[in-house]
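**Student:** Quick one, fold the following:
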Amino acid sequence: MAGLKYDKIVKYVIRAKCEGPLHIGSSIGGKEDVLIHPVDKSPFIQASSIAGVFRSYVEECMDIKAEVLFGADHLDNDKSTTEQQSRIRFMDGIFDLSSVKMELRPHVKIDRKTGSVSADKFSGQKFNMEYVGEGAEFTTAFYLYVDTKETQFLEDAVKEMLGAMKAGLLQFGAKKSSGAGKIIPVSVKERSFLMSKEQDRKEWFEEESPSDTAYEEVIHKLPEVTDRKNKYTVVIKGKTEGAILVKGLSVSEFGEGAPNSENIRNAKSEYIVPGSSFRGSIRSQMEKISTYLGKGFLIDDSFGKAGENDEEGYAGNLIFEDTIIGNRKENDAVDLRYRIHIDKFTGGVFQQGLFAEKNAFGDMELEIHIADRNHPDATLGLLLFAVRDLACKVVTLGSGFATGKGFMDISEIVVSSHDKKAKITYQENVQIEDDANMIQNAMAALKEVSQ
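**Tutor:** Next comes the predicted model:
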């Protein structure tokens, strides 16, 4: 903190929980493992990761320069490097082990040139990724160092950051485009120390284990922050036409009469379509449509582009949330479906070729967000074409297309942008309500956009 002038320190203690799966990668184990604290032996989020998420939000959505809070290196007039000190110091977020349930989800690496599973022997065709499951809670803290002359300005900025977290607008870790990493606070406590007062200096020195009464709960005082990161939200409401099967890595039952495979579940044992699976199905159809329209560059805009360095790669503007399938108890009671494994060379049944599947069914509400970057209007137009094909049963979810699985009966598609809404209803006839011309403008943008 050398060179930083301050006479007040504000400490914020945050208790937060995962609203979905979270993956913070490990540098010690495999790249698919979560990061484990070397002392506490529990999953944790590094302070640098927490700082990076908050800084990114300030840069994208707030009216102050991120350097004011987070500091920066820059060149002064004589071209020598000077440093603007950060006014925030973050602490690691350590998970409470009693609240943690781990998930292991399968992923497949696709070769974009062929559209099939990648044959790259170095990257692997299929891999499993470990996640901290929904409902897990962790505690973190950070310190704000201010001059009392600027206290209100900086404290208001910090509360706006925390308000964005409360609104569920911040995502941590990897696989954000598949809906992972959403975290909200359940408690935000605050305490100030005035360095001009001897008693405060003493309490600051001894505050490593303060009593709860020393802090004020301020979560109810955080400002209501609207979503400025996302321009559109698309919600698809419907139900499975028959069965759906997005295969998980394991089954919940064992022994005689147990299925050989069942639909993937989350940490709460709910049957789901993971955001990654939904994303893969929609991406495949959007690629076909964009190629036909001669707008292939929109795929990188929509789904992001990997690069060897930060300048070459960039994030896409589509985020797909996990979707719960129907009612858990009803799906638990679903009868097994038995199938046989056919030898394609002989046409006969493999020895011990009988296997059982446990499918899922029920109402579904699929949710997609479009960030306000990378041609969002044209992205919406292209996405709506793919979603139309889902409603027309050209696109399916999960496995088993050839055996009638994965089809959806869509009842309506709702597009919202802040206070504006449009709706496409599928009844006997397709009806479109678009008073704000959002759908019309999206289709016009898709037609006119160029690289």
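
**Student:** CA only for contacts and neighbour counts going forward, please
**Tutor:** Noted.

**Student:** Please enumerate the strands of the stretch 251-400 of the chain.
**Tutor:** With strands called from DSSP state E, counting those that start in this stretch, the stretch 251-400 of the chain shows them at 261-262, 272-273, 318-320, 323-324, 337-342, 349-358, 363-371.

**Student:** how close does residue 195 sit to residue 151?
**Tutor:** As judged by CA to CA, to the nearest Å, residue 195 and residue 151 stand 13 Å apart.

**Student:** More neighbours: the two, which one.
**Tutor:** Taking neighbours as other CA atoms under 10 Å, residue 195 and residue 151 compare with residue 151 leading, 18 against 15.

**Student:** so where do the helices sit in the stretch 251-400 of the chain?
**Tutor:** Assigned by DSSP state H, counting those that start in this stretch, the stretch 251-400 of the chain shows helices spanning 275-293, 297-303, 328-332, 376-391.

**Student:** Point out where the stretch 151-300 of the chain drops to low pLDDT.
**Tutor:** Counting by pLDDT under 70, the ranges of the stretch 151-300 of the chain that qualify are 208-213, 252-257.

**Student:** Please report how far the nearest residue to residue 54 once chain neighbours are set aside lies from residue 185.
**Tutor:** Using CA to CA, 6 or more residues apart in numbering and skipping residues adjacent in sequence, the residue nearest residue 54 is residue 161, 6.7 Å away. According to CA to CA, residue 161 and residue 185 sit 12 Å apart.

**Student:** give me the number of residues near residue 162?
**Tutor:** Neighbourhood size, residue 162 [other CA under 10 Å]: 24.

**Student:** I misspoke; the intended subject was residue 5.
**Tutor:** Residues within reach of residue 5, counting by other CA under 10 Å, total 12.

**Student:** if I pick it, what's in contact with it?
**Tutor:** Residue 5 is in contact with 146, 147, counting by CA atoms under 8 Å, 6 or more residues apart in numbering.

**Student:** so what pLDDT did it get?
**Tutor:** If you check residue 5, the pLDDT there is 77.

**Student:** ditto for the one 4 residues further on
**Tutor:** Predicted confidence (pLDDT) for residue 9: 89.

**Student:** SS state for it?
**Tutor:** strand (DSSP: H, G, I helix; E, B strand; the rest coil).

**Student:** Work out for me the element the residue lying closest to it once chain neighbours are set aside sits within.
**Tutor:** Spatial nearest neighbour of residue 9, chain neighbours left out: residue 145 (4.7 Å); criterion: CA to CA, 6+ apart. Remark: residue 145 resides in strand 137-146, with elements defined by DSSP states H and E.

**Student:** Give me the distance from that strand to the chain's centre.
**Tutor:** Mean-position distance between strand 137-146 and its chain equals 22 Å (CA atoms, centre = their mean, to the nearest Å).

**Student:** tell me what it is packed against?
**Tutor:** strand 8-18, strand 88-90, strand 93-95 (3 or more CA pairs under 8 Å, 6 or more residues apart in numbering; DSSP states H and E).

**Student:** please redo it, this time with the cut-off set to 10 Å
**Tutor:** Applying 3 or more CA pairs under 10 Å, 6 or more residues apart in numbering; DSSP states H and E, we find strand 137-146 packed against strand 8-18, strand 44-45, helix 47-61, helix 66-70, strand 88-90, strand 93-95, helix 151-166, strand 183-194.
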